[in-house]
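K.L.:
My questions concern the predicted model and sequence given below.
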Amino acid sequence: MRRAAGAVAAATLAVLLAAAAGARAADIDWADVERQATDFLSAYVQINTTNPPGNEAAAAQFLADRFRQAGIDVETFESAAGRGSVLARLKGSGGGRPVILLNHLDVVPANPDGWDVPPFSGALRDGYVYGRGALDCKGVGTVDALAVLLLKQHGITLKRDVIFLGTADEETGGKLGAGWMVQTHFDRFADAEFVLNEGGAIEVLPNGKRAYSVAVAEKTPCWLLLTATGRPGHGSAPQKETAVTRLVRALEHVRVYRPALRVTPQVEAYYAALAPLQDDARRKQYGNLRGALRDAKFRAAFLDKAHDAALVHNTLTPTVLTGSQKTNVIPRSASAELDCRLLPGEEPTAFIDTVRQVIDDPEVSVDVLLNFPPSTSTTDTSLYTALRHAASREHVPVVPSVLTGFTDSHYFREKGITSYGFVPFALTEDEGSREHGVNERLSTDNLREGTRRLLELLQSLDEVGSDGHQGPQG
Ligand SMILES: [Zn+2]
């Protein structure tokens, strides 16, 4: 029994240590954190980082100053003139590999029309910080930074290093931000095990139920350029076939093409996790999506919703069209860009072959504009377990979600770093829909609770075994 007694003693010690760490977090004056976070976000929003052009260097400097003042190692980078990124690293005791808190410094443009306050004012109104980026992604950067600063300030040493990484250029694909950092400065964080990025949140459903939506997979873009060529000439005496008529026929073939319905394991798991949050009928259907989709009536209703339909199909949609600049001139070439999105696990080369067959015209060329490998992370990790613990403290389920769009996570997944999309804010549909829209805002409650949740999550992660399982509690 000596062994067992030793195990009990070790377990007791672990509980005591956890309690000690928890006590220190509990010592934090959260009302003061709320004030700090509010001021931080308000000032941060006022730095206009509209991309294009970005000008993220000023934001990188703003963040770097905060870390430097607190005595935390920090470095800024520039991928091109003015395109700044920032990396700060808070050392742990070395008992685990680092976790990266990833956020982006740039924002999408904001037309002041329709806003109640100027979009770069960072105004505080009725308990909300307003402004472009309040949610996407400066609110995230604020709680990421605050969590690191609080750990330092309160002398809480975790096992893992915590890396704050704020990058440029996310809103136009990340090539001058996360992509560039991974390509040219990977040595700065090659030891990391996890990335926590945007992409999921605590969803507050219309029925009031909540879920920790953690994005574990993304559809991948396969953006294609179709180009048709033909004899140019005068519009008054056209040939039977021109570059434009060829292109139109190819696009008509794309329009009527119906990609196969496919329920991937990730999508199946996503709906199964959503099931308990639904009403009775929906609960059964989501619980067995594959089976439910065999029913014609359910299938029709399900596929009627664009988001649901996109999660069980590859999608193809024409967006950019170019041809002649003049009504009476038949151009030598005409082109169309197709925004195609592939389900997790889909093979891009096979997909492109299918598109060629669908177009069925060897005179229309198909070129790839953007594509990257499938982007999925397993849920069998200690960070996912820590997220489960965090959610269970709030008595809500964790939903492993699949995004129809993409984030910067793929850059890290391609390097073998597990990446999850989760920001610690509780958001209603209304709040979420303001992202990229008018009156984007984040509540000061979310700033306070988000910082607290993130800090507790990092502490939880410390207590979970590095193999993703936590002893008897699993
Ligand atoms: Zn974003």
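P.N.:
Structure received. Numbers count the residues shown, from 1 in each chain.

K.L.:
Just list whatever residues bridge to V402.
P.N.:
Beta-bridge pairing for V402 (DSSP bridges): A217.

K.L.:
Next, count neighbours for it.
P.N.:
21 (other C-beta atoms under 10 Å). Heads up, the C-betas are built off the backbone N, CA and C, glycines and all.

K.L.:
same check, this time on D279
P.N.:
Neighbour count of D279, defined by other C-beta under 10 Å: 7.

K.L.:
next one: K284
P.N.:
K284 has 12 nearby residues by other C-beta under 10 Å.

K.L.:
Report the secondary structure element holding it.
P.N.:
helix 280-287 (DSSP states H and E).

K.L.:
What is whichever helix or strand comes after that helix packed up against?
P.N.:
Note on helix 280-287: by DSSP H and E, the next helix or strand toward the C-terminus is helix 289-292. On a contact count with 3 or more C-beta pairs under 8 Å, 6 or more residues apart in numbering; DSSP states H and E, helix 289-292 meets helix 265-274, helix 280-287, helix 296-303.

K.L.:
Now do the contacts for the residue of the stretch 151-300 of the chain found nearest the ion.
P.N.:
Nearest to the ion in the stretch 151-300 of the chain, going by C-beta to the ion, is E198, at a distance of 4.8 Å. When contacts are counted by C-beta atoms under 8 Å, 6 or more residues apart in numbering, E198 touches 102-104, 136-137, 140, 407, 421, 423.

K.L.:
change it to 6 Å
P.N.:
With contact taken as C-beta atoms under 6 Å, 6 or more residues apart in numbering, E198 is in contact with 137, 140, 407, 421, 423.

K.L.:
What of P238?
P.N.:
P238 sits in contact with I330, where contact means C-beta under 6 Å, 6+ apart.

K.L.:
Could I get the buried residue list for the helix holding K284?
P.N.:
285-287 (16 or more other C-beta atoms under 10 Å).

K.L.:
per-residue confidence at the spatially most central residue of the chain?
P.N.:
The centroid of the chain falls nearest to G199 when counting by C-alpha atoms, centre = their mean (2.8 Å). We have a pLDDT of 96 for G199.

K.L.:
Could you pull up phi and psi at it?
P.N.:
phi 130, psi -20 (degrees, to the nearest 10).

K.L.:
Ok, Y128 next?
P.N.:
The phi and psi values for Y128, taken as degrees, to the nearest 10, are phi -130, psi 140.

K.L.:
which bits of the stretch 101-250 of the chain sit near the ion?
P.N.:
Within reach of the ion by C-beta under 5 Å from the ion, the stretch 101-250 of the chain has these residues: 136-137, 198.

K.L.:
So which of the residues you listed is the closest to R341?
P.N.:
Comparing those against R341 with C-beta to C-beta places E198 closest, at 18.3 Å.

K.L.:
Can you tell me how far the closest one is from H253?
P.N.:
37 Å (C-beta to C-beta, to the nearest Å).

K.L.:
Over to E431?
P.N.:
E431 is 41 Å from H253, where distance means C-beta to C-beta.

K.L.:
ditto for E394
P.N.:
50 Å.

K.L.:
Settle it for me: which of the two has more neighbours?
P.N.:
H253 (16 against 12).

K.L.:
Contact partners for that one?
P.N.:
358-359.

K.L.:
Assumed it was part of a strand.
P.N.:
No - H253 sits outside any strand when classified using DSSP: H, G, I helix; E, B strand; the rest coil, being helix.

K.L.:
begin at 46 from here
P.N.:
Okay, using 46 as the starting number, the last item reads as H298.

K.L.:
and stretch 412-430, which residues are buried?
P.N.:
415-417, 419-422, 424, 426-430.

K.L.:
tally of neighbours for whatever residue of the stretch 346-495 of the chain ends up closest to the ion?
P.N.:
The ion sits closest to T452 of the stretch 346-495 of the chain, with a gap of 6.9 Å, by C-beta to the ion. By other C-beta under 10 Å, the residues close to T452 number 23.

K.L.:
Surely it and G244 touch.
P.N.:
Yes - at 4.8 Å, T452 counts as touching G244 under the criterion of C-beta atoms under 6 Å.

K.L.:
Give the intersection of the neighbour lists for these two.
P.N.:
G466.

K.L.:
circling back: can I get the residues of the stretch 146-295 of the chain next to the ion in CSV with secondary structure?
P.N.:
Converted to CSV, those look like this (three-state DSSP):
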residue, secondary structure
D181, coil
C182, coil
E243, coil
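
K.L.:
Please identify which of those is nearest to L499.
P.N.:
E243 (12.9 Å).

K.L.:
and that closest one, how far is that from D453?
P.N.:
Taking C-beta to C-beta, one finds E243 at 8 Å from D453.

K.L.:
Need the contact partners of the helix or strand where Y257 lies.
P.N.:
Using DSSP H and E, Y257 falls within strand 255-263. With C-beta under 6 Å, 6+ apart as the test, strand 255-263 has contacts from 244-245, 247-249, 311, 322, 389, 420-422, 424, 432, 436, 441-448, 451, 465-467.

K.L.:
I'd like to know which of those are part of helices.
P.N.:
Those of the contacts of strand 255-263 mapping onto helices are 311, 432, 436, per DSSP state H.

K.L.:
For those, pick the one with the most neighbours.
P.N.:
Neighbour-wise, these (other C-beta under 10 Å) top out at L432, 25 neighbours.

K.L.:
Does P266 have any beta-bridge partners, and if so which?
P.N.:
Beta-bridge partners, per DSSP bridges, of P266: R386.

K.L.:
wait, it sits on L415?
P.N.:
Yes - using C-beta under 6 Å, P266 is in contact with L415, at 5.3 Å.

K.L.:
Residue ranges in this structure under the pLDDT threshold?
P.N.:
Judged by pLDDT under 70, the chain has its weakly predicted residues at 46-71, 510-519.

K.L.:
and the closest residue to V185 other than its chain neighbours, how many neighbours?
P.N.:
Leaving aside its sequence neighbours, V185 sits nearest to N148 (C-beta to C-beta, 6 or more residues apart in numbering; 4.5 Å). When neighbours are counted by other C-beta under 10 Å, N148 registers 27.

K.L.:
Check which helices and strands whichever strand or helix holds N148 sits against.
P.N.:
Taking DSSP H and E as the definition, N148 sits inside strand 144-149. Counting contacts by 3 or more C-beta pairs under 6 Å, 6 or more residues apart in numbering; DSSP states H and E, strand 144-149 packs against helix 183-198, strand 207-212, strand 239-242.

K.L.:
Same list (those) but as JSON lines, adding mean neighbour count.
P.N.:
Listed next are these as JSON lines, based on neighbours: other C-beta atoms under 10 Å:
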{"stretch": "helix 183-198", "mean neighbour count": "25"}
{"stretch": "strand 207-212", "mean neighbour count": "27"}
{"stretch": "strand 239-242", "mean neighbour count": "27"}
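
K.L.:
For G139, which of those is the nearest?
P.N.:
For the helices and strands packed on strand 144-149, proximity to G139 was assessed by C-beta to C-beta; strand 207-212 is nearest, at 12.9 Å.

K.L.:
Following the closest one in sequence, what is the next regular element?
P.N.:
helix 223-229.

K.L.:
Which positions within stretch 385-401 qualify as buried?
P.N.:
Applying a neighbour-count criterion of 16+ other C-beta under 10 Å, the buried positions in stretch 385-401 are 385-389, 391, 393, 396-397, 400-401.
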